[in-house]
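J.: Sequence plus predicted model, see below.
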Amino acid sequence: MLQQSDLRGGPLSVWVGADAGHHNRWEAEKIAIELHDTVLPTARTVCVHEVNDHHAMSFMLPIGPSEAVMATLVAQGFGVASSAGYVAGPETLRLGAAEAVSAHKQRREGRALRFPGQRSLRGRHGVSDILAFSAIEQVLPAGITAVDTRGNLQPFFKDGKLILFVD
């Protein structure tokens, strides 16, 4: 079973926001996954957020990334911000990155592309197992007993919870 620190971040967790001004959510999601796979592989949770009129991304990491990683993101054109106080890049993009950090850390908004327990959710699962063995905290609409994950669940943060909406 997952520990609370896996879900909400432990005492050393750092949230990093990156914003390149993507107007297309799917493009932002693709880039967020690429960043997770390359420069931020230790991120436990990867999210995309709507900030102002575009999309930014955020990453919850067990420890802060190196200065070199942050500089790499800036060199690639991202505005970056972290919960540890690091801010760099173009001003408007820094603001979006900081907003993504805040939304993720406070769990008020954002679509989770990667989250603890996700890899074990392949195939059909009972809602009770999804709640017990992943970071997902609520499944909507109420009354659903099982979910066919189709290999790609993307829950979202709302009101402090990671919620999976099944249509």
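T.: Now that the structure is in, tell me what you want to look at.
J.: Report the next helix or strand after the helix or strand hosting V101 in sequence order.
T.: V101 belongs to helix 91-105 when elements are defined using DSSP states H and E. Going down the chain from helix 91-105, the next helix or strand is strand 111-114, by DSSP H and E.
J.: which parts of the helix holding V101 are buried?
T.: Within helix 91-105, the residues scored as buried using 16 or more other CB atoms under 10 Å are 93-105. For every residue, glycine as well, the C-beta is placed using N, CA and C.
J.: Specify which member of those residues is nearest to R122.
T.: Using CB to CB, H104 comes nearest to R122 of the buried residues of helix 91-105, at 25.1 Å.
J.: thought that closest one was touching C47?
T.: Yes - H104 lies in contact with C47 (CB atoms under 8 Å); the separation is 5.2 Å.
J.: List the residues that are in contact with both of these two.
T.: S58, G110, F157 (CB atoms under 8 Å, 6 or more residues apart in numbering).
J.: since we're on A142, how many residues are nearby?
T.: Here the number of neighbours of A142 (other CB atoms under 10 Å) works out to 7.
J.: Sorry, slip of the keys, the one I care about is V139.
T.: Neighbour count for V139, taken as other CB under 10 Å: 21.
J.: what bridges to it?
T.: Note on V139: beta-bridge partners by DSSP bridges are L164.
J.: got the contact list for it?
T.: With contact set as CB under 8 Å, 6+ apart, V139 has these partners: V127, I130, L131, V147, I163, L164, F165, V166.
J.: mind running it again at 7 Å?
T.: Contact analysis of V139 by CB atoms under 7 Å, 6 or more residues apart in numbering lists V127, I130, V147, L164, V166.
J.: Good, wrapping up.
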